[in-house]
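[1] predicted structure and sequence below. I'll ask about it afterward.
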Amino acid sequence: MTFLFAGILGIYMAGMALPLCFPGRPRIQNAFAHGLAAAAGLVGIGLGLAGLFAPEPWTASAESTIPFLTFAIRIDPLASSFVLIISLAGLAVSLYALGYVREFYGRIPVGVLGSLYNGFLLSMTLVIVADNGFFFLIVWELMSLLSYFLVVTEHEKPEVRYAGLFYLIMTHVGTAFILVVFLIFFQQAGSFSFEAFRNPQHVLPEGMRTLAFLAALIGFGAKAGIVPLHVWLPYAHPAAPSHISALMSGVMIKTAIYALIRVYFDFFGGQFPWWWGFTVLIVGAVSALLGVMYALMERDLKSLLAFSSVENIGIILLGIGAGMTFQTYGLKEFAALGLVAALYHTVNHAMFKALLFLGAGSLLYATHTRNMEEYGGLLRRMPWTGLFFLIGAVSISALPPTSGFVGEWLVFQTLFLSFHVPTVLLKLILPVAAAMLALTGVLALACFAKAFGISFLALPRSSHARHAEEVPWSMRIGMGMLAAICLLLGLLPMVVVPMLDRVGTSFTGVSITDKVVALNGWALAPVNVEFSSLSSPAIALGLIGLSVLGLLLVAVFGGSAKARYYKTWGCGLNLSPRTEYTATGFVQPIKRVFSTIYQPTVKLETEFLEESHYFSKRRLFETHIEPVFQKYLYDPIVTFFSAMADRLRVIQAGSLHLYLTYIFLTLVALLLMAV
Amino acid sequence: MTLMMRAVLLVIAQIIVLLAVSPFIVGLIRKVKARLQLRRGASVFQPYADLAKLFRKQPVVSTTTTWIFTATPYIVFASTLAAGLLVPVFTSTIPLNFAGNIIALVYLFALGTFFLILAGLDAGSAFGGMGSSREAIVASLTEPAMIMSIFAIALTTGSTNLSTIVHKTALLEGIVTDPSPHLMALAALFIVALAETGRVPVDNPATHLELTMIHEAMALEYSGRYLALVEWAAGLKLLVFLTLIANIFAPWGIATNMEPTALGIGLAIYLMKVSGLAVLIGAVESMFAKLRLFRVTDFLGLAFILALLGMIFFYVLRG
């Protein structure tokens, strides 16, 4: 373990330093930066696995000269599972980046980009393994800053700068709340070490506990992207280079999930009133539903994916919230099940969201646009990217037998077990949350059917799409690796569940592997086979077998006639991209049905010919959906702070003499106070 | 006969029954509608002839399409049939009970829907896109109602596995016998079945008018063997829903053991039950007009509320 950890640290450090040593040689910089990051990913996978199966958590620490700051490391099952996620995604994304970064040769300094990239991966890993509050805050801040620098890679574009600023502010608001959490614990424990935080002897007063709970939810929630703190995601994720977006959306926001589990289940020792779980559950359900609804309306593929991350964070929180609820009532097995379900979906989302962002990056690489309305017909031109994107889309839509399905199925089962909870309110709310999850699931299906269908099928909608070419090999390998993982996570839940169960066991004290993995690993059966069971290998085999049956039936009933190929009937007109359904048109019925949420506005201006009002010269059509949160929540806050700043400008006139006076007055005031 | 062999035989028997009965159900509904319109109508066995003819015909495939278009019929066929194998048909203990519960069934149908939506977009015509877009909204509105009704049923039987639900209900063992949650869930599931299988008042399977069609629009570009598979899968989906309703809410008569006579009686009673439901659907289709697309929301909202009430009743009645 020591060796592996030192290895990761060393390789990432080298990855930070070496690319900077070859200024003006982008090829070498690229090879060093991403090759080393991929190597570190491999070592990280080893570390994660070793940590997961180690009997005792591995710890190490180094003292510092700064009071309260210890560079303490602790790798327990929870940390290991997240190290594993970061490393797996890091490996695939690094391979992809080897090809993708060529796009930037000569435009931006690749060495700096590569160095920051390694630093970003390192800081995320350190966030996960940190065992000291002070240290955690430092690396957390480092992670936020490095990701900010990566977001503003293409800073010459004003919208990128705006996105960066938005992200920077949101993440710092979050950090402020996280600081509150740690200070509350510090005040009671007298130390920043996590060991002291989780010591059950320091019982926080009731008010402080509540405050810490809420501050953690807001602080980490801002990073995770829960509604209504999600607004930065659709700005920051599309603005960053695609391999960075894949890491941010797939992995970075998961560090917040890690931290939430750490605080609630570890620091609080799983002791909380019922309304905590309830709150997390509601936040999860609302985030899931609103996230996918806004994702549906997006035409920018990367914004769509960013909103979909909000949705998936919501689904993860549904699992955590249900687990917390069960924990409150002492139903430890169900609590462990909730944690396993949440973690399963966390792993899944990291993989398929990274895959989809890489896919979006490939489309951007090939067509130089993010607008879906300019794609179309790309499956013919980019068959591999298309196939991998389809696997990602099927997974994220939770369709059997892929990974997303198993994860969501476990969340469903956890929610269905609510009838064991003694409170009637919760008995009713949990199934309603399940219904919301069902709605979320189908809307996600619609969303990704749109994303894939409009981008990859039918006729090309622009010359960009007509001239697109398949991306280089290294990018395909990166995507292919993630696609394979998505399929494996769906087919092998009997391998994954016991691994995640070690995390659940470390907090709830009960192991559910024996209860969940049934029939020699062929089926998952939370509680017992009588209540519910699922065998994704059997479903996969069944689907293959029955497809073959379909082929057989075709052969038997004489369908041997060779297909004739002919153009699609266009009602007597020639089919053109203008007659195709667009992304906007596809979701129009949904926009109309849920108009309460979207509050769409449509503007139609027609300019008629002077001679006749039956012929129009020009038509202008505009449609928008209301950015509710921005308009009613953020804009007032921003206006308020701007107004405050305007007022304060009076005392900040730019005169040096005035400032010296302020310093003098402050000094006098402090001296007076000291006396 | 070993246990394994018996299981395999049962699965094969179930596949054969589902495949063989589904065109009959489609034909029966058409016949009922024809009789109610004072037409004589085609024979109830006409759909078999249609399928046989379609299988032999040369398919025309659009040059704009990709492999998605040709793979979709097989995926839809396989996923629908796989869903059918999770449902007890003529015997309450099915060998594939372990493979998936009712959530798996819902998501297997969703798999078919997803690929049909893609296939609708693939040919590049506006019709297909229109069908896909409408299918997306109808599917999103039905699924929550379906999950809620499932949960109401799961509560009364303490299981989400279909075979367990049916078995327990058939024997009236270990279930809550109060009828109100069941009735609410039944009504909800019936509405869901109408919507999911593209029947009036949500969709009209007998039309090719662009204003009204949903499923037919998605499948518009299909011909020959591909169309045969898509149509057969649509019939299967209808049959699976009818089977669900018949066996969850009135499983009596289903074989609860492996005696040959019990199996025979189970099969006969099953055919009577699904035929009865098919007649009911035919009658409903004749009595109601198709709803405007944006009125469908209210109709499916009703299903959701009914299922929710079923769940609330369950808790209220038991204190």
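    Right, received. Where do you want to start?

[2] do you know the pLDDT at the closest residue to B:Glu221 other than its chain neighbours?
    Among residues not flanking B:Glu221 along the chain, B:Ala123 sits closest, at 4.2 Å (Cβ to Cβ, 6 or more residues apart in numbering or on different chains). (Each C-beta comes from the backbone N, C-alpha and C, glycine too.) On the pLDDT scale, B:Ala123 is placed at 88.

[3] wait, what's in contact with B:Ala123?
    A:Ala458, A:Thr568, B:Ser62, B:Thr64, B:Thr65, B:Phe69, B:Leu220, B:Glu221 (Cβ atoms under 8 Å, 6 or more residues apart in numbering or on different chains).

[4] so where is chain B shaky, pLDDT-wise?
    The model of chain B has pLDDT under 70 over residues B:1, B:177, B:208-212, B:319.

[5] which residue would be the closest one in it to chain A?
    Residue nearest to chain A within chain B (Cβ to the nearest Cβ): B:Gly129, separated by 2.4 Å.

[6] I figured that residue hits B:Ala119, correct?
    No. B:Gly129 is not in contact with B:Ala119 according to Cβ atoms under 8 Å; the separation is 11.2 Å.

[7] neighbour count: those two, which is higher?
    B:Ala119 (30 against 27; other Cβ atoms under 10 Å in any protein chain shown).

[8] confirm the more buried one sits in a helix?
    Yes. Looking at B:Ala119 with DSSP: H, G, I helix; E, B strand; the rest coil, it is inside a helix.

[9] find the residue closest to it in space, skipping its chain neighbours.
    B:Thr72 is the one closest to B:Ala119 (Cβ to Cβ, 6+ apart), at 4.0 Å.

[10] I figured the one you found hits B:Ile117, correct?
    No. B:Thr72 lies out of contact with B:Ile117 (Cβ under 8 Å); the separation is 9.5 Å.

[11] now A:His368. Nearest residue, chain neighbours left out?
    Using Cβ to Cβ, 6+ apart, the nearest residue to A:His368 is A:His464, at 6.1 Å.

[12] show me the contacts for that neighbour.
    A:Thr367, A:His368, A:Thr369, A:Glu374, A:Tyr375.

[13] let me know the helix or strand that it is in.
    Counting by DSSP states H and E, the element that carries A:His464 is helix A:463-466.

[14] whichever helix or strand comes after that helix close to chain B?
    Where DSSP H and E defines the elements, the next helix or strand beyond helix A:463-466 is helix A:473-491. No. Using Cβ under 8 Å from any Cβ of the partner chain, helix A:473-491 stays clear of chain B, with a minimum separation of 11.5 Å.

[15] give me the buried stretch members for helix A:473-491, please.
    A:474-483, A:485-487, A:489-491 (16 or more other Cβ atoms under 10 Å in any protein chain shown).

[16] what's the closest of the residues you listed to A:Leu331?
    A:Leu489 (26.7 Å; Cβ to Cβ).

[17] my read is that the closest one contacts A:Ala350, right?
    No. Between A:Leu489 and A:Ala350 there is no contact under Cβ under 8 Å: 10.2 Å.

[18] sec struct for B:Val61, please.
    strand.

[19] list the beta-bridge partners for it.
    Beta-bridge pairing for B:Val61 (DSSP bridges): A:Tyr565.

[20] how much space separates it from B:Arg225?
    Separation of B:Val61 from B:Arg225 (Cβ to Cβ, to the nearest Å): 11 Å.

[21] who has more neighbours, the two?
    B:Arg225 (27 against 19).

[22] grab the longest helix from the chain for me.
    Chain wasn't specified; assuming chain A. helix A:332-367 (DSSP state H).

[23] my question was about chain B
    helix B:3-36.

[24] any idea how far it is from the middle of the chain?
    Relative to its chain's centre, helix B:3-36 lies at 12 Å (Cα atoms, centre = their mean, to the nearest Å).

[25] how about stretch A:464-482?
    Using Cα atoms, centre = their mean, the offset of stretch A:464-482 from its chain centre is 22 Å.

[26] tell me where the stretch 101-250 of chain B has helices.
    B:102-122, B:126-157, B:162-171, B:179-196, B:215-218, B:224-249 (DSSP state H, counting those that start in this stretch).

[27] surely A:Gly521 and A:Leu491 touch.
    No. Applying Cβ under 8 Å as the test, A:Gly521 and A:Leu491 come out as separate, 11.4 Å apart.

[28] need the overlap of contacts for the two.
    Shared contacts of A:Gly521 and A:Leu491, defined by Cβ under 8 Å, 6+ apart, are absent.

[29] surely B:Ser163 meets B:Pro88?
    Yes. Between B:Ser163 and B:Pro88 there is a contact under Cβ under 8 Å: 5.2 Å.

[30] okay, now the residue in chain A that chain B sits nearest to: neighbour count?
    Relative to chain B, the nearest point of chain A is A:Tyr581 (2.4 Å; Cβ to the nearest Cβ). By other Cβ under 10 Å, 24 other residues sit near A:Tyr581.

[31] SS state for it?
    Under three-state DSSP, A:Tyr581 comes out as coil.

[32] which bits of the stretch 201-319 of chain B sit near chain A?
    B:221, B:224-225, B:228-229, B:293-294, B:297, B:304, B:308, B:311-312, B:315.

[33] repeat that with 6 Å
    Residues of the stretch 201-319 of chain B lying close to chain A by Cβ under 6 Å from any Cβ of the partner chain are B:Arg225, B:Leu229, B:Thr297, B:Tyr315.

[34] quick one: buried residues of whichever helix or strand the residue nearest to B:Ala119 is part of?
    Per DSSP H and E: B:Thr72 is located in helix B:67-85. By 16+ other Cβ under 10 Å, the buried positions in helix B:67-85 come out as B:68-70, B:72-85.

[35] ends of stretch A:55-73, what's the gap?
    17 Å (Cα to Cα, to the nearest Å).

[36] now it: buried residues?
    So for stretch A:55-73, counting by 16+ other Cβ under 10 Å, buried means A:Pro57, A:Trp58, A:Leu69, A:Thr70, A:Phe71, A:Ala72, A:Ile73.

[37] phi and psi next, for the third one.
    Torsion angles at A:Leu69 (phi, psi; degrees, to the nearest 10) stand at phi -90, psi 120.

[38] element containing the nearest residue to it once chain neighbours are set aside, please.
    The shortest distance from A:Leu69 to any non-neighbouring residue, by Cβ to Cβ, 6+ apart, is to A:Phe134 (4.4 Å). Element membership of A:Phe134 [criterion: DSSP H and E] is helix A:133-151.
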